[in-house]
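> What would the 3D arrangement of this be:
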Amino acid sequence: MTSEPNRRDFLKKSGTLTAAMATASTLGLSAKSYGRILGANERLGVGLIGAGVIGNAHMQVFNNLKEKNNLAPIAVVDCWQTRADAGKALIGAEHSLTEYRKLLDMKEVDYVTVAVPEHWHAKMTIDAMDAGKAVYCEKPLTHSIPEAQEVLKKQKETGRPLQVGVQAMSDDSYITARDAIRKGVIGQVIQAQIEYVRRYDAKAGPWREPEQVAQHQAKPADLNWDAWLGHAQKIDWNPHHYFEWRCYSAYSGGICTDLFIHRITRIMRACDLLYPRRVVGMGGIWQWNDGRDLPDNIEMICEYPRGMTVYVLGTMSNRVGVDHLIRGYRATMYFTSTGWVVKDKDGKVLAEHTKTGGEDQNLHHTNLHNHIRNGEPLNCPVELGLAGVVAVNMANESWRSNQMMGWDRENQKMVPASELKDSHIPEKVDTPTY
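Here you go, the predicted model:
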């Protein structure tokens, strides 16, 4: 989709393209072979936007890969200068910045990571693509459905590589499951279930950081609070909002967007799903009524046009989960720690797969590097990222509005399900392009 033009753009920056093509011609190499050899030696300049908890996780990945994958640390950006400086020291970057646009102006930066609160994902990603950068954007792709649609539009306009940070897509279990399901190994697909469960301490519910809040009752002098808020409602410094932003809908979708996105994306990939027909989200602020405005326990059910439902459990009060599986008329596919296995109604094994890869940011970043250099398909492209945003946002809106939500396919937007005119008969839908 973007491989050759993008790779050439990156290579032209270092002046190596012409010489490498001449070498390839002399050796009689095919274009595909030349791309692999040249790509293996071309250094990529990296900028990291966000130096908080997730940003630091990406920095550790960078340190793991910088020699192996030939990466150059250019800059770390954070609206809190102290964090930016610490990030610069951690990865040995040339610069620490508090304004991300200065990073985007740097010609030596080939790709950026966006690891900031969700309400900034769309703006930073679009600006980065406009600046000619490839992007690794943390999940979810965006805070809202319209934002995700704008990001998709911009990616198509610019052709810039965009990897969405659902790192489980670098586990081949789900692409191989898709291939097996397409071949009919479980028969007609009917239902899938999956979960993301945790058990938080009674005194500090999901995503609360009491020690950080206590230490920063006054705003740090070198933290630009207005920049952090961005287009969100302007409020006075609030350490709960800064350190515990996943608890507030102004910046996050909570359990649905931070956790469910990891799980439902797996089922979407395996079952060739795009946008759900109807979604319901049920739950509440049942245990930690501590000022949050997003549920601490929630479940979602998505109905897809192909004729199947997907159930996702998300309690934060009990870590006992449910089997991750896909039910078909002929058999059931069970996902395990080593891959997947298909069993019929009598327990007979019909097929199985031992996975390669895993839910690993190192692999996910490497996939982006390989895409930039030689066109390797992205494991979580923008189309799949958008599909996930649609499902989890519909679940959250169902919970907020006390009604089932539907997907208006003609106008490509979320509406109350009562407005839909679609049939309940399963439809033959186009295979997603991701």
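
> any idea which helix is longest in this protein?
helix 382-401 (DSSP state H).

> what's near enough to touch Ile49?
By CB atoms under 8 Å, 6 or more residues apart in numbering, the contact list for Ile49 reads 55, 77-78, 100, 103, 112-116, 124. Where you see a C-beta, it was placed from the backbone N, CA and C, and this is true even at glycine.

> Ignore what I typed, I meant Trp80.
With contacts defined as CB under 8 Å, 6+ apart, the neighbours of Trp80 are 51, 98, 220, 222-224.

> at 6 Å what do you get?
Neighbour list for Trp80: Leu223 [criterion: CB atoms under 6 Å, 6 or more residues apart in numbering].

> give me the beta-bridge partners of it?
Beta bridges link Trp80 to Leu223, judged by DSSP bridges.

> sorry, back to before: go through the contacts of Ile49 and flag which are in strands.
With strands taken from DSSP state E, the overlap with the contacts of Ile49 comprises 77, 112-114.

> Show the buried residues in the residues you listed.
77, 112-114 (16 or more other CB atoms under 10 Å).

> can you pull the contacts of Asn64?
Contacts of Asn64 (CB under 6 Å, 6+ apart): Asn362.

> Swap in 10 Å and give it another go.
Shown in contact with Asn64 (CB atoms under 10 Å, 6 or more residues apart in numbering): 361-362, 365-366.

> Helix or strand for it, just tell me which one.
helix 53-65 (DSSP states H and E).

> Buried residues, that helix. List them.
The neighbour-count check on helix 53-65 (16+ other CB under 10 Å) flags 54-56, 58-59, 61-62, 65 as buried.

> The helix or strand where Val279 lies versus helix 382-401: what angle between them?
Assigned by DSSP H and E, Val279 belongs to strand 278-284. Counting by axes from the mean of the first three to the mean of the last three CA atoms, to 10 degrees, strand 278-284 lies at 50 degrees to helix 382-401.

> about what we covered before: using PDB, write out the CA atom coordinates for the longest helix of the chain.
Taking C-alpha atoms only, helix 382-401 is exported to PDB below (Å, rounded to 0.1, in the frame of the first residue of the first chain):
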ATOM      1  CA  VAL A 382      -5.200   2.000  10.200                       C
ATOM      2  CA  GLU A 383      -8.300   0.200   8.900                       C
ATOM      3  CA  LEU A 384      -8.200  -2.400  11.700                       C
ATOM      4  CA  GLY A 385      -7.500   0.400  14.200                       C
ATOM      5  CA  LEU A 386     -10.600   2.300  13.100                       C
ATOM      6  CA  ALA A 387     -12.800  -0.900  13.300                       C
ATOM      7  CA  GLY A 388     -11.700  -1.400  16.900                       C
ATOM      8  CA  VAL A 389     -12.500   2.300  17.800                       C
ATOM      9  CA  VAL A 390     -16.000   1.900  16.300                       C
ATOM     10  CA  ALA A 391     -16.800  -1.100  18.400                       C
ATOM     11  CA  VAL A 392     -15.500   0.100  21.800                       C
ATOM     12  CA  ASN A 393     -17.000   3.600  21.400                       C
ATOM     13  CA  MET A 394     -20.400   2.200  20.600                       C
ATOM     14  CA  ALA A 395     -20.200   0.100  23.800                       C
ATOM     15  CA  ASN A 396     -19.300   3.200  25.800                       C
ATOM     16  CA  GLU A 397     -22.100   5.200  24.300                       C
ATOM     17  CA  SER A 398     -24.500   2.400  25.000                       C
ATOM     18  CA  TRP A 399     -23.500   2.500  28.600                       C
ATOM     19  CA  ARG A 400     -23.700   6.300  28.800                       C
ATOM     20  CA  SER A 401     -27.100   6.600  27.000                       C
END
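
> Since that was my last question, I'll sign off now.
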